[in-house]
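Chemist: task: produce atomic coordinates for the following.
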Amino acid sequence: MTSENKRMRIGIRTFGCRVNQYETQMMRERLESRYDIVPGDADLYLVNACTVTSLAERKARQAMHRLRREQPRARIVLVGCLADAVAQGLTQVAEADLLVGNAWKARIEEVVARAFAGELGVLPEKPLPSLDREAITSHLGHVRAFLKVQDGCDLSCTFCRTTQVRGPARSKSVDAILDEARSLVESGYRELILTGINLAQYAPPDGDLASLVRRLLRIEKLRRLRLASINPYGITARLVAAFAEDPRACPHFHIPLQSGDDIVLRHMQRGYTSSFYRSCVELIRQAIPQATFGADVIVGFPGEDEAAFGRTCAMIEEVGFANLHIFRYSPREGTEAASFAAAVPEQDKKRRAGILDELGRSVRRRLFDDLVGSEQVVLIEEKKDGYFRGYTRGYIDTHLPTGGTMNTGDEVRIAITGATDTHLLGGEIRSN
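Modeler: Sure, this is the predicted structure:
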């Protein structure tokens, strides 16, 4: 290949949620026919970055700073939520040459062409495209594929920038999702994970989340269907019934809690109470006794005293979460909570996060110990350090010995022989 027709190299760095990971794959597929997508040195880097927490933003800044130092001639394009935050005056970024918001992701070919042409600064906002235009055919490096069905949010949680940077709630049509799902399944993906910015607000004109689940489960070769995070008000009797009807609908529900205290929840403007959260868990457990649960929890929200924190601890004990994501509250400019009084000292946030981490481990270990002696079906995701690892349908990390005829991507039934506070241990393989 001569220097005149050598393909330019693009590197992609992704930070943040499953939606960002899906959109990175979408951008990759739109670019790979024209450019070489490479893991190392590149002529241009796309940094798909988050702004929801200060930690996520800091990681993206550090990555761009490192790229600028190591590849001074490469162009850096910041794309996504962090770029939208810059455009709205919520933060500043000095490391990027070109900044483009989420609406540009479906036009990434134009973005890259303009970047290579030397354009600098912030590209003006574009109208949000229809989600039906977004699709992927594979998910590089994954055994399970994310399937984005929703974007944006109509709520205004006082701690969150999502509404500003993602726009209003909107949904992909059922027909478009089914086409995309069939393509992914035909490409060999045994498990699909439905994801969105606020999956509870999925409301297309041609259905709802429960009917979507039922129609997806008609795809014959699909082995597993899973929900990503879904807010409590999205847990309806119809949705739970759809999961109870088919064993391929994975019985794990990640339902953000944020706090177990009603006053804190009201100040967060979460739109539910602790008793409503409990009722969602009970609704699921009555229909699906083997269901497992995950949650996000924020410690140190303004006004959270020791009693309020204690109620969060009690909720975690009561529900018995299989996984827990713990965040220390960080004020985000442009959010209502950033101006709230009664800030919690950083040392208290750190201490409470540590208490929740230990509590989560204890609760999880009890749950895992109860599974020793059972049989679980595990989807093998990787071979690592002399063992295979994957997830049960209840989304519990499981480690298996190597040997036999297992391969990455296989779904196997195994006997659970032990447990730690992070994962299950599998022994004899009963069947593939």
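
Chemist: CA only for contacts and neighbour counts going forward, please
Modeler: Noted.

Chemist: go through stretch 406-418 and flag the buried ones.
Modeler: Buried residues in stretch 406-418, counted by 16 or more other Cα atoms under 10 Å: 406-407, 409, 411-418.

Chemist: ditto for stretch 242-255
Modeler: Applying 16+ other Cα under 10 Å to stretch 242-255 flags 242-244, 248-255 as buried.

Chemist: equivalent analysis for stretch 129-145, please.
Modeler: Quick answer for stretch 129-145 (16+ other Cα under 10 Å): 131, 134-139, 143-145.

Chemist: how about residues contacting that stretch?
Modeler: If you take Cα atoms under 8 Å, 6 or more residues apart in numbering as the criterion, stretch 129-145 is touched by 22, 25-26, 29, 103, 106, 146, 149-151, 170-173, 176-177, 180, 183-184, 187, 189-193, 381, 408-409.

Chemist: returning to what we had before: out of the buried residues of stretch 406-418, which is nearest to E70?
Modeler: Distance ranking of the buried residues of stretch 406-418 against E70, using Cα to Cα, places G409 first at 36.1 Å.

Chemist: pLDDT score assigned to that closest one?
Modeler: Predicted confidence (pLDDT) for G409: 90.

Chemist: could you do the one 3 residues further on as well?
Modeler: pLDDT recorded at V412 is 91.

Chemist: ok, L225 next?
Modeler: 98.

Chemist: one more: S138?
Modeler: The model reports S138 with a pLDDT of 94.

Chemist: check which helix or strand covers it.
Modeler: For S138, there is no host helix or strand (DSSP states H and E).

Chemist: mind listing the strands for the stretch 151-300 of the chain?
Modeler: 170-171, 191-195, 224-227, 252-254, 292-299 (DSSP state E, counting those that start in this stretch).

Chemist: can you redo these as TSV with distance to R332?
Modeler: Below are those laid out as TSV (distance: least, Cα to Cα, whole Å):
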stretch	distance to R332
strand 170-171	24
strand 191-195	24
strand 224-227	28
strand 252-254	24
strand 292-299	14
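
Chemist: select, out of those, the one closest to G11.
Modeler: Evaluated over the strands of the stretch 151-300 of the chain, closeness to G11 peaks at strand 191-195, with 24.5 Å, by Cα to Cα.

Chemist: give the other helices and strands that that closest one contacts.
Modeler: Under the contact definition 3 or more Cα pairs under 8 Å, 6 or more residues apart in numbering; DSSP states H and E, strand 191-195 sits against strand 144-148, strand 224-227.

Chemist: for the first one, which strands pair with it and how are they oriented?
Modeler: Strand 144-148 has the following strand partners under DSSP bridges: strand 191-195 (parallel).

Chemist: and the contacts of the strand it pairs with?
Modeler: By Cα under 8 Å, 6+ apart, strand 191-195 touches 18-19, 143-150, 181, 222-229.

Chemist: make it 10 Å
Modeler: Strand 191-195 is touched from outside by 17-19, 22, 143-151, 177, 181, 184-185, 202, 209, 213, 216, 221-230, 248-250, 379, 393, 409, with contacts defined as Cα atoms under 10 Å, 6 or more residues apart in numbering.

Chemist: which of the residues you listed are buried?
Modeler: By 16+ other Cα under 10 Å, the contacts of strand 191-195 give 18-19, 22, 143-151, 177, 181, 184-185, 202, 209, 213, 216, 222-230, 248-250, 379, 393, 409 as buried.

Chemist: may I have the phi/psi pair for R190?
Modeler: phi -80, psi -20 (degrees, to the nearest 10).

Chemist: contacts only, for the closest residue to it other than its chain neighbours.
Modeler: Counting by Cα to Cα, 6 or more residues apart in numbering, R190 lies nearest to R223, which is 5.1 Å off, once chain neighbours are set aside. Counting by Cα under 10 Å, 6+ apart, R223 makes contact with 185, 189-192, 217, 247-250, 379, 411.
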